[in-house]
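Novice: I'll drop the sequence and a predicted model, then ask my questions.
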Amino acid sequence: MNQPAKVSDTQSTSAIRRTLDGLYFTGGMIGAGFLILILCIIVAQMVARWSGFVLPGSTAYAGYCMAAASFFSLAYALNHGAHIRVTLLLTKLGRYRRLGEVWCFSIASFFSGFFCWHAWQAVKISLMINDISQGQDATPIWIPQIAMGIGTTLLFIAFLDNLFRIVVFGDHGIEAEIIKQSQGEE
Amino acid sequence: MEQFYLTGIFLFVLFLFLGTGIWVGLALLGVAFVGMELFTTRPVGDTMITTIWSSSSSWTLTALPLFIWMGEILYRTRLSEDMFKGLAPWMARMPGGLIHTNIVGCTIFAAVSGSSAATLTTVGKMSIPELRKRGYPERMIIGTLAGAATLGLMIPPSLTLIVYGVTINESISKLFMAGIIPGIVLASMFMGYVALWSVFKKDEVPPPEPTMSFIEKIKQARLLIPVIALVSLVIGSMYLGFATATEAAAFGVIGSLVLAAFQGSLNVSTFQESLLGATRTSAMIALILMGAAFLSLAMGFTGLPRSLAQWIASLELSKFQLLLALLVFYIIIGMFLDGISSVVLTMAVVEPMIRQAGIDLIWFGIFIVVVVEMAQITPPIGFNLFVLQGMTHHQMNYIARAALPMFGIMVLMVFVLILFPEVATWLPDNMRTRPG
């Protein structure tokens, strides 16, 4: 769609492109895996209850899986246009749209970077003070928090990636939004 | 006075971020960051992460991705076809004819799906072409579909109600139960409108379908058995106190996988598509919830909710006046934001107000759902309008005008809710809750 020929070194850029897209997709797949895990934990918990057992800490584990499922797939969802925003003004900008997008991706890169930095800080602190979950599961909190670190890092990379693309090539790589707009313009 | 300016800056940043197209979740996070910097000396980052971590690793939230997944599986089955075929013989002789399949179809599918867009696409992909073929007026087909699909938000499972319940810490099963009767009442009002239309605009109604014997009708209705079994399983298990909302969602996922397998529409690719679709949608909602959790904390520091609640109290509005004001407020917000975003964005401010006025929070959940339902069909940003535009290629204005009568009926529904609050509160007050 947009011309990769503009770039002099097409081979290496497309290799980077493939690596990054693969990275986001892997994140999505891991997220999906945690979604299946949530289902399994809940079913196991119900079966245990019917047969008179208790699975200690299962609610906490389901909660960790919930967090992991969300964080890992943040970047993947972004590149599929799943995250919503108000595009009313952006579409009104017409040929200045690119400027508007640069503003959006810059702000988003800044806050996702901030988020990512503090997510890793949290992992570090939980590890340092040896923070243990208050629930029955008694998990060291830094282990599930790693999902937050990795997920927000992926999101940060995805925003930087798209910001770079819109500055250099004039088009971001968010799929569904492009399709939606081409339909809207008919 | 300084407080006044700070609040002004805070609100300005909020509108700036949301209005210029920053992704809603990050916009809320950013506004909260600015608010914390303006109003407190606390370490912003640490506070942010603690809040976000505890809100996103919550057990109650797990119902959300599971219900989304269930809808994604069912969307990929032959359910919409079966539902139309099963319902049509029963609706054909009613005043207004097959237009009713739109409404009843949406009502039934709403009971297995939590979102209005999913309800709309699933019912519409079958009913739009079939109704067109029979010569029903386009305006009625599209209008009733746009309106009735919003029932997906009210009839349990409902993503909006899960988000509302998580935000204000209320029982999700209770909220679900509260949505059932108002959903049915609203559906009946839509059907009443269709019947009235058929009486006053006789010339628009196409000739009735050939009659079918009762036995034949029953035979056709067997196509509805799987979906009705699924509805009973999910809602019944919650009502009888047999399962929590999350557990009912797990039943729902397994039930719809079984249903898809029996229909032969379950294979590796549909399974993967449904799972990844659910992962994306729940990541989207999760990001909004993360931003919203941090924002409601920051809102607390700004003192905005407290002073607003005091101001409202000093006006000495009656409950009715307060609710009317909120109705107008949410209709305006709903023009620009989707339902979930407008709920999470406003609850930090609205909740103290509602508590102070002594309004039941379960009841208010249903009120807010009706109001954000209207937002789905109001231009310029109405999600159902976008979806229908994609499906039918009509102009946005045309679809919005076709849906306008439905909007009117929903306003009427708000007054029904205010005058007869028992419509929403009776079921949750009488359900059994699971011990322990």
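Specialist: Sure thing, it's come through. Numbering: from 1, shown residues only, chains lettered A, B, ... in the order given.

Novice: ok, now which ones touch the residue in the stretch 201-350 of chain B positioned nearest to chain A?
Specialist: When distances are taken as CB to the nearest CB, the stretch 201-350 of chain B approaches chain A most closely through B:Ala286, which lies 3.4 Å from it. In short, each C-beta sits where N, CA and C put it, glycine included. With contacts defined as CB atoms under 8 Å, 6 or more residues apart in numbering or on different chains, B:Ala286 is in contact with A:70-71, A:74, B:56, B:61, B:64.

Novice: Quick one: the strands in the stretch 201-350 of chain B, in order.
Specialist: Using DSSP state E, counting those that start in this stretch, the strands of the stretch 201-350 of chain B do not appear at all; there are none.

Novice: and it, which of its residues are near chain A?
Specialist: B:243, B:246-247, B:249-250, B:253-254, B:275-276, B:278-284, B:286-288, B:290, B:336-338, B:341 (CB under 8 Å from any CB of the partner chain).

Novice: Return the residues in contact with A:Phe164.
Specialist: The neighbours of A:Phe164, taking CB under 8 Å, 6+ apart as the test, come to nothing; the list is empty.

Novice: Which strand or helix spans it?
Specialist: With elements delineated by DSSP states H and E, A:Phe164 resides in helix A:142-168, which encompasses its position.

Novice: and that helix, average pLDDT?
Specialist: The predicted model assigns helix A:142-168 a mean pLDDT of 95.

Novice: of the contacts of B:Ala286, buried ones?
Specialist: Judged by neighbour count, with 16 or more other CB atoms under 10 Å in any protein chain shown as the criterion, the buried members of these are A:70-71, A:74, B:56, B:61, B:64.

Novice: which of these lies closest to B:Ile215?
Specialist: When the buried ones among the contacts of B:Ala286 are compared for distance to B:Ile215, the smallest value, 43.2 Å, is given by B:Leu64; criterion: CB to CB.

Novice: Relative to chain A, how far out is the closest residue to that closest one other than its chain neighbours?
Specialist: Take B:Leu64 and drop its neighbours on the chain: the residue closest to it by CB to CB, 6 or more residues apart in numbering or on different chains is B:Ile162, 5.2 Å away. B:Ile162 sits 12 Å away from chain A, taking CB to the nearest CB, to the nearest Å as the criterion.

Novice: host element of B:Ile162?
Specialist: Under the assignment given by DSSP H and E, the secondary-structure element containing B:Ile162 is helix B:159-168.

Novice: how about the helices in chain A?
Specialist: Taking DSSP state H to define them, one finds helices in chain A at A:10-50, A:58-72, A:74-79, A:88-92, A:97-128, A:142-168, A:175-184.

Novice: Identify the residues contacting the residue of chain A found nearest chain B.
Specialist: The minimum distance from chain A to chain B, using CB to the nearest CB, falls at A:Ser70 (3.4 Å). Listed by CB under 8 Å, 6+ apart, the contact partners of A:Ser70 are A:31, A:151, B:56, B:282-283, B:286-287, B:290.

Novice: that older thread, how close does the residue of the stretch 201-350 of chain B closest to chain A get to B:Thr62?
Specialist: Remark: distance between B:Ala286 and B:Thr62 (CB to CB, to the nearest Å) = 11 Å.

Novice: for the record, mean pLDDT for the helix holding B:Ile162?
Specialist: Computed over helix B:159-168, the average pLDDT equals 93.

Novice: got a list of contacts for it?
Specialist: Contact partners of helix B:159-168, identified using CB under 8 Å, 6+ apart, comprise B:55, B:58, B:60-61, B:63-64, B:67-68, B:114-115, B:153-154, B:170-172, B:175-176, B:179, B:245, B:285, B:289, B:292, B:296, B:339-340, B:343-344, B:347, B:351, B:361, B:365, B:368-369, B:372.

Novice: From those, which land in helices?
Specialist: Where these overlap with helices, as defined by DSSP H, the overlap consists of B:55, B:63-64, B:67-68, B:153-154, B:172, B:175-176, B:179, B:245, B:285, B:289, B:292, B:296, B:339-340, B:343-344, B:347, B:351, B:361, B:365, B:368-369, B:372.

Novice: Any stretches of chain A with poor pLDDT?
Specialist: Applying pLDDT under 70 to chain A picks out residues A:1-11, A:175-186.

Novice: Which residues are in contact with the one residue sitting closest to the centre of it?
Specialist: With distances taken as CA atoms, centre = their mean, A:Leu74 lies nearest the centre of chain A, 1.7 Å away. The neighbourhood of A:Leu74, defined by CB under 8 Å, 6+ apart, consists of A:27, A:151-152, A:154-155, A:158, B:283, B:286-287.

Novice: try 10 Å
Specialist: Taking CB atoms under 10 Å, 6 or more residues apart in numbering or on different chains as the contact definition, A:Leu74 lies against A:24, A:27-28, A:31, A:82-83, A:112, A:115, A:148, A:151-156, A:158, B:25, B:280, B:283-284, B:286-287, B:290.

Novice: still on that earlier bit, anything in contact with each of B:Ala286 and B:Thr62?
Specialist: Jointly contacting B:Ala286 and B:Thr62 under the rule CB under 10 Å, 6+ apart are A:66, A:69.

Novice: thinking again about what came up before, give the buried residues for the helix holding A:Phe164.
Specialist: For helix A:142-168, the buried set under the neighbour-count rule, 16+ other CB under 10 Å, comprises A:142, A:144-163, A:165-166.

Novice: What's the ChimeraX line that selects buried ones from the ones in helices among the contacts of helix B:159-168?
Specialist: What follows is the ChimeraX syntax selecting those of the ones in helices among the contacts of helix B:159-168 that are buried according to 16+ other CB under 10 Å:
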select /B:55,63,64,67,68,153,154,172,175,176,179,245,285,289,292,296,339,340,343,344,347,351,361,365,368,369,372
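
Novice: List the buried residues for the helix or strand bottoming out on mean pLDDT in chain B?
Specialist: Among the secondary structure pieces of chain B, namely its helices and strands, helix B:304-315 has the lowest mean (mean pLDDT, DSSP states H and E), a mean of 82. Of the residues in helix B:304-315, those scored as buried under the neighbour-count criterion (16+ other CB under 10 Å) are B:304-305, B:309, B:312.

Novice: Check stretch B:205-221 too.
Specialist: Neighbour counts over stretch B:205-221 (16+ other CB under 10 Å) mark B:205, B:212, B:220 as buried.

Novice: was I right about the first one contacting B:His100?
Specialist: Think B:Val205. No: at 11.9 Å, B:Val205 and B:His100 do not qualify as touching, with contact defined as CB atoms under 10 Å.

Novice: quick one: common contacting residues for these two?
Specialist: Both B:Val205 and B:His100 are contacted by B:194, B:198, under the criterion CB under 10 Å, 6+ apart.

Novice: from the stretch 51-200 of chain B, which residue is nearest to chain A?
Specialist: Taking CB to the nearest CB, the stretch 51-200 of chain B has B:Ser57 as its residue nearest chain A, at 3.9 Å.

Novice: quick one, what contacts that residue?
Specialist: Counted by CB under 10 Å, 6+ apart, B:Ser57 has contacts A:60, A:62-68, A:70-71, A:133, A:141, A:144-145, A:147-148.

Novice: Give me the pLDDT value at it.
Specialist: Confidence for B:Ser57, expressed as pLDDT, is 92.

Novice: Equivalent analysis for B:Tyr330, please.
Specialist: The model reports B:Tyr330 with a pLDDT of 90.

Novice: okay, now it: neighbour count?
Specialist: The burial count assigned to B:Tyr330 is 24, neighbours taken as other CB atoms under 10 Å in any protein chain shown.

Novice: which residues does it contact?
Specialist: Under the criterion of CB under 10 Å, 6+ apart, the contact list for B:Tyr330 reads B:337, B:339, B:342-343, B:346, B:350, B:367-368, B:370-372, B:374-375, B:414.

Novice: A:Leu37 and A:Ala62 touch, don't they?
Specialist: Yes: taking CB under 10 Å as the contact criterion, A:Leu37 and A:Ala62 are neighbours in contact, 8.4 Å apart.

Novice: between these two, who's got more neighbours?
Specialist: Using other CB under 10 Å, the more surrounded residue of A:Leu37 and A:Ala62 is A:Ala62, with 24 against 17.
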